[in-house]
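Asks: Structure for this input, please:
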Amino acid sequence: MSIYAFCARTLEGEEQSLSSFRGRTLLIVNVASRCGFTPQYAGLEALYRRFRERGFTVLGFPCNQFGHQEPGSEAEIRTFCTTRYEVSFPLFAKIEVNGRGAHPLYRHLRKALPGALGALGVDRIQWNFTKFLVSPEGEPLRRFAPAEPPERIAPQIEAHLPMRARERPPISGSPAGSSAGSSAD
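Replies: Below is the predicted model:
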């Protein structure tokens, strides 16, 4: 099953099918505003800006399951992310990633890529900022631990982009590099 079978609610409260990202390489991340890894928002945004025109998107899923490090409302999360880190990649409403209340997308990701403890039958997300690289076909490819800096993931992202740099079509009406954004632990 691909991730395109799932839907999630955006921070603005709209239900969005993940099929709207079909054909794009994705990095799905459970995020939090009060975590030691929160500065990774800057690295995630840098990756998004670097590769978005080549078919890449970061999807952020706020989660309050780890040390209650995402206690804010959706509006507070949006304000924090945009004012502190200038986040422009898609952010979704808070979800759970482990346990009975885990979002179906995360159940699927955990099963597909159980992480370092998978051999022991443990597939749970260990902490905030666990990252899942997903192919343009919607298949989970690789799981990265929370401590893995986003910039170190760039080569793996680039290897799976649907469009190479030389194939990138020109963006009409905007200076180069300043176009607006597109719609294992």
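Asks: can you tell me which residues contact the closest residue to residue 149 other than its chain neighbours?
Replies: Closest residue to residue 149 apart from its sequence neighbours, by CB to CB, 6 or more residues apart in numbering: residue 43 at 5.9 Å. Bear in mind the C-beta positions are built from the backbone N, C-alpha and C, glycine included. Residue 43 is in contact with 149, 150, 151, counting by CB atoms under 8 Å, 6 or more residues apart in numbering.
Asks: and if you look at residue 86?
Replies: Residue 86 touches residue 45, counting by CB under 8 Å, 6+ apart.
Asks: Tell me the pLDDT of it.
Replies: As predicted, residue 86 sits at a pLDDT of 97.
Asks: Pass me the low-pLDDT residue ranges in this protein, would you?
Replies: For the chain, the stretches with pLDDT under 70 are 115-122, 164-185.
Asks: Quickly find the element holding the residue nearest the centre of it.
Replies: Centre of the chain computed as the mean C-alpha position; nearest residue by CA atoms, centre = their mean is residue 28, 2.6 Å away. In this assignment (DSSP states H and E), residue 28 forms part of strand 25-31.
Asks: and the next helix-or-strand element following that strand with strand 25-31, angle?
Replies: The C-terminal neighbour of strand 25-31 among helices and strands, as given by DSSP H and E, is helix 40-51. Interaxial angle of helix 40-51 relative to strand 25-31 (axes from the mean of the first three to the mean of the last three CA atoms, to 10 degrees): 170 degrees.
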